[in-house]
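# I would like the atomic coordinates for the input below:
(chains A, B, C and D)
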2 protein chains.
Amino acid sequence: MDDDTLRNALARAEALCTERGVRLTAQRRRVLELVCRAQRPVGAYEIMDQLRDGAPAAPPTVYRALDWLLAQGLVHKLETLHAFIGCTHPEHPHASQFLICDGCGGVTELEDPSIADSLASVAAESGFRPSRPIVEVIGTCSACAAREDD
Amino acid sequence: MDDDTLRNALARAEALCTERGVRLTAQRRRVLELVCRAQRPVGAYEIMDQLRDGAPAAPPTVYRALDWLLAQGLVHKLETLHAFIGCTHPEHPHASQFLICDGCGGVTELEDPSIADSLASVAAESGFRPSRPIVEVIGTCSACAAREDD
DNA sequence: GTTATAGCGTTACATTGTTGCGCTCGCCCA
DNA sequence: TGGGCGAGCGCAACAATGTAACGCTATAAC
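All right, here's what the predicted structure looks like:
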């Protein structure tokens, strides 16, 4: 994420929080900035490491910030990687899908209605009420696949 | 899982391994039996606890057995729970989906082609080659929903 | 201003998963 | 038939991730 995009993302987050009447504190903002800047999944302890310069933060501090950012939909957690990534469209609540490349570590966030619909209808058939649908597809991205095919 | 079903599952596993020319050793069988008997997600350390009677097993032993059982498709790992569950139809390779109730902790394994197809086509659009599609839906099962509605 | 509450710091700890090394047992083949 | 080879396992230590509990501080509401 280049500096402009990053500033843009942070500004949007700020606006969203104001609109919602919730507090994007300095800690939360610091963590959000680090997650967004990375443009790849970052672990909680990696965030802590980056925070050592300046005001160091202990695990509970970082996890509290991350939990809050998750609740606000500003970041996502990738369960298979134990890592976090900035949300690409936090304006509305959504059920995302993630394509995770195990070659380069890159992650693509999708928001495909057909998948969400399939999930919802299958769940409905069994009377199940989804609250948090998690879709993480491990595989090889097109760039890495091309490299492998050499 | 009642005793008959369990014995059946173990017998099927045994047959599959013979057919594949791989070794379902005593350790692996013990772990598989514990996972299948539970009928709910069990953690690796929970398995270790159950193994204390008899021959105790250290973490690497249990994880090695679990990794092997995963590779053979005899158990699944639920990433969101850090837990394992017996596969309900290990005969063929498959991409499963899981409905995970956060009320009772019960898990339903599905194998719905519409979801798998949606995932595959969306991945294909971006040139992504899926190797391990993970779908875990957290929510409330019908029984727990009924109880809540009281 | 006073007070209730959300946020944060700190310590200690819990849970989950891994690395490395060496021994043994079963299997293959000369 | 026995020599070697590799898969499997025991063991010790450790790494990574995530939590609990408690009290202080700063912000917001009245």
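
# which residues touch residue A:14?
A:24, A:29 (Cβ atoms under 8 Å, 6 or more residues apart in numbering or on different chains). For every residue, glycine as well, the C-beta is placed using N, CA and C.

# Wondering if the lengthiest helix in chain A reaches DNA strand D at all.
Using DSSP state H, we find that the single longest helix of chain A is helix A:3-20. No: Helix A:3-20 does not reach DNA strand D (Cβ under 7 Å from any atom of the strand); its nearest approach is 10.6 Å.

# what does stretch A:35-45 give?
Yes: using Cβ under 7 Å from any atom of the strand, stretch A:35-45 reaches DNA strand D at A:43-45.

# buried subset of those?
Among the residues of stretch A:35-45 next to DNA strand D, those classed as buried by 16 or more other Cβ atoms under 10 Å in any protein chain shown are residue A:44.

# Columns pLDDT on top of the residues of stretch A:35-45 next to DNA strand D, output as CSV?
Shown next, in CSV, are the residues of stretch A:35-45 next to DNA strand D (pLDDT from 0 to 100):
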residue, pLDDT
A:43, 98
A:44, 98
A:45, 98
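
# Report the buried residues of the longest strand belonging to chain A.
Using DSSP state E, we find that the single longest strand of chain A is strand A:129-140. Within strand A:129-140, the residues scored as buried using 16+ other Cβ under 10 Å are A:129-130, A:133-140.

# so can I have JSON lines of those showing pLDDT and distance to residue B:102?
What follows is the buried residues of strand A:129-140, written out as JSON lines (pLDDT from 0 to 100; distance: Cβ to Cβ, whole Å):
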{"residue": "A:129", "pLDDT": "96", "distance to residue B:102": "10"}
{"residue": "A:130", "pLDDT": "96", "distance to residue B:102": "11"}
{"residue": "A:133", "pLDDT": "96", "distance to residue B:102": "13"}
{"residue": "A:134", "pLDDT": "97", "distance to residue B:102": "12"}
{"residue": "A:135", "pLDDT": "98", "distance to residue B:102": "18"}
{"residue": "A:136", "pLDDT": "98", "distance to residue B:102": "18"}
{"residue": "A:137", "pLDDT": "97", "distance to residue B:102": "23"}
{"residue": "A:138", "pLDDT": "97", "distance to residue B:102": "24"}
{"residue": "A:139", "pLDDT": "97", "distance to residue B:102": "28"}
{"residue": "A:140", "pLDDT": "96", "distance to residue B:102": "33"}
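
# any chance of the residues you listed in CSV, plus distance to DNA strand D?
Converted to CSV, the buried residues of strand A:129-140 look like this (distance: Cβ to the nearest atom of the strand, whole Å):
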residue, distance to DNA strand D
A:129, 22
A:130, 20
A:133, 19
A:134, 13
A:135, 18
A:136, 13
A:137, 19
A:138, 16
A:139, 20
A:140, 22
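
# quick check, nearest of those to DNA strand C?
Lowest distance from DNA strand C to the buried residues of strand A:129-140 (Cβ to the nearest atom of the strand) belongs to residue A:138, with 13.8 Å.

# And the closest one, how close does it get to residue A:22?
34 Å (Cβ to Cβ, to the nearest Å).

# A helix includes residue A:85, no?
No: going by DSSP: H, G, I helix; E, B strand; the rest coil, the assignment for residue A:85 is strand, not a helix.

# Can you pull the phi/psi pair for the residue lying closest to it once chain neighbours are set aside?
Distances taken as Cβ to Cβ, 6 or more residues apart in numbering or on different chains put residue A:41 closest to residue A:85, at 5.0 Å, once the chain neighbours are dropped. Here is the backbone geometry of residue A:41 (degrees, to the nearest 10): phi -70, psi 130.

# so what's residue A:41 up against?
Contact partners of residue A:41, counting by Cβ under 8 Å, 6+ apart, are A:78, A:81, A:83-85, A:100, A:105, A:107.

# so, if you compare those residues, which one comes nearest to DNA strand C?
The closest of those, once distances to DNA strand C are taken by Cβ to the nearest atom of the strand, is residue A:81, at 11.5 Å.

# doesn't residue A:102 make contact with that closest one?
No: between residue A:81 and residue A:102 there is no contact under Cβ atoms under 8 Å: 9.8 Å.
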